[in-house]
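Asks: Fold the stuff below for me.
(chains A and B)
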Amino acid sequence: MLVGLLVGSGAAAAGAAAPQPPDTMAQRLQPCTACHGAEGRAAREGYLPRIAGKPAAYLYHQLLNFRDGRRSNATMAGLLVHQRDDYLREMAAHFASLDLPHASRPPSAAPAAVMARGQTLALQGDPARSLPACTACHGSALAGTLPAVPGLLGLPRDYLIGQIGAWQTGKRHAIEPDCMAQISRRLGAEDASAVASWLAAQPMPPGLRPAASAPEPAPLRCGSVSQPER
Amino acid sequence: MKRSAVGGLTTAILIACLAAWVGWRNLQGEDALVPDPPAQAASAEQISRGAYLARAGNCATCHTARGGAPYAGGRGIVTPFGTVYSSNLTPDPSSGLGRWSAAEFWRAMHHGRSRDGRLLYPAFPYPNFSIVSRTDIDDLFAFLRSLPAVTQAQTEHALRWPYSSQAALGLWRALYFRPGEFKPEAERGKAWNRGAYLVNGLGHCSACHASRNLLGASAGLADTGAGSQLPAQNWYAPSLADPAEAGVTGESAAETVQLLKTGMSQRAAAMGPMAEVVAGSTQHLTIPDLQAMVEFLRSIASEDHLKKAPATAPTADTMARGGDLYTRHCADCHGAQGQGAPDQYPALVGNRGVTMSNPRNLLQAITAGGFPPATDANPRPYGMPAFDLPNADLAALTTWLRAAWGHQAAPLSEVEVLLKR
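Replies: I've put the predicted structure just below:
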C-alpha cells in the first residue's frame, strides 16, 4: 500500500509528457562521453584521453582498431563490435569537429633531468638510435596534422606511457607499416617515461588545432597516414 | 585368487560392453559416405540460398576471429570445459574445407563427425543442426565453397582433461546426442513448421536459451522453461518458454519480430550476446521467416513455466532513493513514466528485462551500457552510457524499477547486487 502510494505520487508529479530526446550525435553518443568527459573533453587527470578536436581520420582509425582487435580494450571493443564503418566515421567526425577549451595541465612531479631528456626526445629525437623527433610527424606545435596524425598535448602521462607500452608488447597496432610500433620498440622504459612526462606537462595554447598538413619529409612511412580512408 | 580373477574378468567385460555401447551409439544411424556425384558448378541461386542459410545459422559470427577474414575461423568459444576454437570454413585446401566433399560436410552437420572421422565438440551446435535437411546443407556447402579461400590453420582447443579426450566426447554423445530429423506436424500449418525448423535447427536458439546440465547437455527450449546463465559472460539468456522472461505471447509477437529484425522494439533493445545474434543473423532474415519463428515460439511459451518470485514490499526509504536515482540518471532518455522514446530508447514500463526474476541483465545493462546492434532499420543506434553506481544505489534503483509503474518484481538487496553485477 505504501509502495503503491509512493509510486502513484511520483507518477502524478511527473505527469507532463517528456520531450523526445534530440536527434543529434551528442545524444546518440552518450556511452562515449560517459568516460571521455562531457562532449569528449576528458578529465584533467587520470588515464582516459581527450578525443574532442583530434583529426577525424585518426579517430576513425582508432574506432576501427578497437572494433577489429588491433587495439586491445574490452570496453571499447564491446561498445563498437556491432557498429558499421559509416557510423564509426560519423562518430569520428563528430568528436573531431568539437572545439573545446582544454583543462589546465597538472604540474609534473618528474625531476628536471627527466623533463630535459623528454624535451630532447620530443623536439630533436635521437638520430643515433634512428629516433625521429615527435614534431617530425605530429607537427611543430605537437597539435597533430590533418587528416590522420593526432596531437600529443593535453593527454595524461599514464595514457601516453600506456600507448608506447602497448605498441612495444603488440597490444596496439595500426595499419601497416605501423610506424609508431617501430619507434616505440626503439624506446627504453626510461625514454618512454621521460617523453610522456614532458608531453603531459606542456601547456595547451588556446585555439590549438591540428596543422593543415604534415611536415616534409616524413621520417618513416605510416600506413594510417598514407591510407587515411582505409 | 580365483575370486579376484572372476572380478577382473567381470570388470573387463563391463568395460568392453560400455565401449561397444558408446561406439554403437556414436555410429548409430550413420550410413557409409556416398561419394559426391561428379562435380557440377553450383548455380548462383544455390549459392544465394546457401548464403541466406548461413545467416540463419549465424555461422560467420563464431567462425570469424575479431577483425579476421570472414568464415576463416579462429574465434575462441568459452565453455565451462575450456575454450573451443572455431574452424576455417573457407575453401582453402590445407586449412579449410577445400578437400571436403558435400557428403563429408553433411556428416559434420548431421552426425557431428569431421572429415577425418574425429568426433566434433558440441560447441559447434550440431545437436541443433542435425535436423537441417540435406538440401539445405548442400546449399550451405555450395555457398561456403564460393567464398575466397583463406589459409588460416586451426587453433588447438584449450579444453581440460578429460573433456579434451575423444573417449569422453564419445561417452557424452552416447548419452546425449542422437542424429535428428525434422518431422513436420501436419496439423500445425506451414508457418509454424517453418518456424520450428528454423528455431530448432539452424537458429540453434536452445544453445543459449535453454538450461544445460552439468555436462553441458541442453534441456531443450520448452522442457524446463529455464533459461541459461551464459558461460564467462555476465548475461542470462532468458527462457523462451516462460512468458515472464522471453516467452513470446500474443501481446509481444509483433514486438519480437521487430526486435529480431531491427535490434529494437518498443520495450526491448538487443544487448550483449543477443545483439550479436541480431547483428549476424536475424536482421538478415525475411519478415515471413521471422514471423514463422515467432509463431512457433508462441506455441512453446506457457503459463505453466511462469516463475513467480514472492515480491516483498520494498521499504519507503529504498523507494525514495531509487526514484531519485531514476529521475537523475534515467528519466531523460527512458521517460518519467518509463515510456521510452520511440526508435531511440526502449520503454522500461512493462519491460521484461527489468522485471524478470533473474536480475543479471538489468544490472549488466545499467553498469555496462552499450549500443544496440546496427541494422538496416537502425544503422545509427542511440547508446546507453555505463553507470558505475555503488551497490547500494544499484539495489535501490533496480528495486524501484521493479516496483514502479505497477511492476511487481522482487526487490534486490545490496548483497544480490554485489554477487550479480
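Asks: how about residue 126, what does it touch?
Replies: With no chain named, the answer covers chain A. By C-beta atoms under 8 Å, 6 or more residues apart in numbering or on different chains, the contact set of A:D126 is A:T120. Heads up, the C-betas are built off the backbone N, CA and C, glycines and all.
Asks: not what I meant, chain B
Replies: Contacts of B:Y126 by C-beta under 8 Å, 6+ apart are B:A108, B:M109, B:H110, B:H111, B:G112, B:L120, B:F177.
Asks: Which one (most neighbours) among those?
Replies: With neighbours taken as other C-beta atoms under 10 Å in any protein chain shown, the top of the contacts of B:Y126 is B:M109, carrying 26 neighbours.
Asks: where does that residue fall, helix, sheet strand or coil?
Replies: helix (DSSP: H, G, I helix; E, B strand; the rest coil).
Asks: In CSV: the contacts of B:Y126, plus distance to B:I77 and pLDDT.
Replies: Formatted as CSV, the contacts of B:Y126 follow (distance: C-beta to C-beta, whole Å; pLDDT from 0 to 100):
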residue, distance to B:I77, pLDDT
B:A108, 16, 98
B:M109, 17, 98
B:H110, 21, 97
B:H111, 20, 97
B:G112, 15, 97
B:L120, 12, 97
B:F177, 18, 95
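Asks: For those residues, could you give me JSON lines that also reports distance to A:K171?
Replies: Converted to JSON lines, the contacts of B:Y126 look like this (distance: C-beta to C-beta, whole Å):
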{"residue": "B:A108", "distance to A:K171": "36"}
{"residue": "B:M109", "distance to A:K171": "37"}
{"residue": "B:H110", "distance to A:K171": "42"}
{"residue": "B:H111", "distance to A:K171": "41"}
{"residue": "B:G112", "distance to A:K171": "37"}
{"residue": "B:L120", "distance to A:K171": "33"}
{"residue": "B:F177", "distance to A:K171": "40"}
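Asks: Nearest to A:L187, out of those residues: which one, please.
Replies: B:L120 (46.8 Å; C-beta to C-beta).
Asks: Look up the closest residue to that closest one, ignoring the ones flanking it.
Replies: B:G112 (4.6 Å; C-beta to C-beta, 6 or more residues apart in numbering or on different chains).
Asks: Off-centre distance for stretch B:50-57?
Replies: 16 Å (C-alpha atoms, centre = their mean, to the nearest Å).
Asks: Are that stretch and chain A in contact anywhere?
Replies: No: Stretch B:50-57 stays clear of chain A (C-beta under 8 Å from any C-beta of the partner chain), getting no nearer than 14.7 Å.
Asks: So for that stretch, what gets flagged as buried?
Replies: B:G50, B:A51, B:Y52, B:L53, B:A54, B:R55, B:A56, B:G57 (16 or more other C-beta atoms under 10 Å in any protein chain shown).
Asks: Sort out for me which of those are in helices.
Replies: B:G50, B:A51, B:Y52, B:L53, B:A54, B:R55, B:A56 (DSSP state H).
Asks: number of nearby residues for the closest residue in space to B:G383 that isn't next to it in sequence?
Replies: The shortest distance from B:G383 to any non-neighbouring residue, by C-beta to C-beta, 6+ apart, is to A:P31 (3.8 Å). By other C-beta under 10 Å, the residues close to A:P31 number 21.
Asks: quick one: secondary structure of A:P31?
Replies: Under three-state DSSP, A:P31 comes out as helix.
Asks: Could you list which residues are in contact with residue 127?
Replies: In the absence of a named chain, this looks at chain A. Counting by C-beta under 8 Å, 6+ apart, A:P127 has no contacts.
Asks: looking at chain B here, not the other one
Replies: B:G112, B:Y176, B:F177, B:G180, B:S218 are the contacts of B:P127 under C-beta under 8 Å, 6+ apart.
Asks: What's the separation between the last one and chain A?
Replies: With distances defined as C-beta to the nearest C-beta, to the nearest Å, the gap from B:S218 to chain A amounts to 25 Å.
Asks: Find the least confident helix or strand in chain B, judged by mean pLDDT.
Replies: helix B:2-27 (a mean of 84; mean pLDDT, DSSP states H and E).
Asks: could I get the buried residues of stretch B:50-57 as TSV with pLDDT?
Replies: What follows is these, written out as TSV (pLDDT from 0 to 100):
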residue	pLDDT
B:G50	98
B:A51	98
B:Y52	98
B:L53	98
B:A54	98
B:R55	98
B:A56	98
B:G57	98
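Asks: State the number of residues packed around B:D116.
Replies: 6.
Asks: Distance-wise, check it relative to chain A.
Replies: 30 Å.
Asks: same question, B:I15
Replies: In terms of C-beta to the nearest C-beta, B:I15 sits 46 Å off from chain A.
Asks: Count the residues that sit near that residue.
Replies: B:I15, neighbours per other C-beta under 10 Å, totals 10.
Asks: picking that back up, closest to chain A among the ones in helices among the buried residues of stretch B:50-57?
Replies: Here the nearest of these to chain A, counting by C-beta to the nearest C-beta, is B:R55; it sits at 14.7 Å.
Asks: I'd like the average pLDDT over stretch B:269-285.
Replies: With pLDDT averaged residue by residue, stretch B:269-285 scores 97.
Asks: With stretch B:300-307 instead?
Replies: Mean pLDDT, stretch B:300-307: 81.
Asks: any idea where the helices of the stretch 1-150 of chain B begin and end?
Replies: Along the stretch 1-150 of chain B, counting by DSSP state H, counting those that start in this stretch, helices occupy B:2-27, B:44-56, B:59-62, B:102-111, B:126-129, B:134-145.
Asks: Sorry, wrong one. I was asking about chain A.
Replies: Using DSSP H, helices in chain A cover A:2-13, A:25-28, A:30-36, A:56-68, A:74-80, A:85-96, A:112-123, A:135-138, A:157-168, A:179-186, A:189-201, A:223-226.
Asks: To B:G370, which of the helices of the stretch 1-150 of chain B lies closest?
Replies: Between the helices of the stretch 1-150 of chain B, helix B:59-62 lies closest to B:G370; by C-beta to C-beta that is 16.9 Å.
Asks: Out of the helices and strands in chain A, which is least certain?
Replies: Lowest-scoring helix/strand for chain A, mean pLDDT, DSSP H and E: helix A:2-13, at a mean of 39.
Asks: Out of the contacts of B:P127, the closest to chain A would be?
Replies: So of the contacts of B:P127, ranked by how close each gets to chain A (C-beta to the nearest C-beta), first place is B:S218, at 25.4 Å.
Asks: Let me know whether that closest one touches B:A210 as I believe.
Replies: Yes: counting by C-beta atoms under 8 Å, B:S218 does reach B:A210; the two are 4.9 Å apart.
Asks: B:T355 versus B:S252, what's the distance?
Replies: 13 Å (C-beta to C-beta, to the nearest Å).
Asks: which residues do those two both contact?
Replies: Common neighbours of B:S252 and B:T355, counting by C-beta under 8 Å, 6+ apart, are absent.
Asks: Which of the three states applies to B:L362?
Replies: helix.
Asks: pLDDT score for it?
Replies: For B:L362, pLDDT reads 97.
Asks: neighbours of it, just the number please.
Replies: 26.
Asks: Now do the same contact list for it.
Replies: Counted by C-beta under 8 Å, 6+ apart, B:L362 has contacts B:G353, B:V354, B:T398, B:L401.
Asks: among the residues you listed, which are within reach of chain A?
Replies: Taking C-beta under 8 Å from any C-beta as the test, chain A is in contact with none of those.
Asks: ok, those residues vs A:A112, which is closest?
Replies: B:T398 (52.7 Å).
Asks: number of nearby residues for the closest one?
Replies: 24.
Asks: Quick check: mean pLDDT of stretch B:212-228?
Replies: Per-residue scores along stretch B:212-228 average to 82.
Asks: quick one: buried residues of it?
Replies: In stretch B:212-228, counting by 16+ other C-beta under 10 Å, buried: B:R212, B:G216, B:A217, B:S218, B:L221, B:A222, B:G225, B:A226, B:G227, B:S228.
Asks: Count the residues that sit near B:A331.
Replies: 17.
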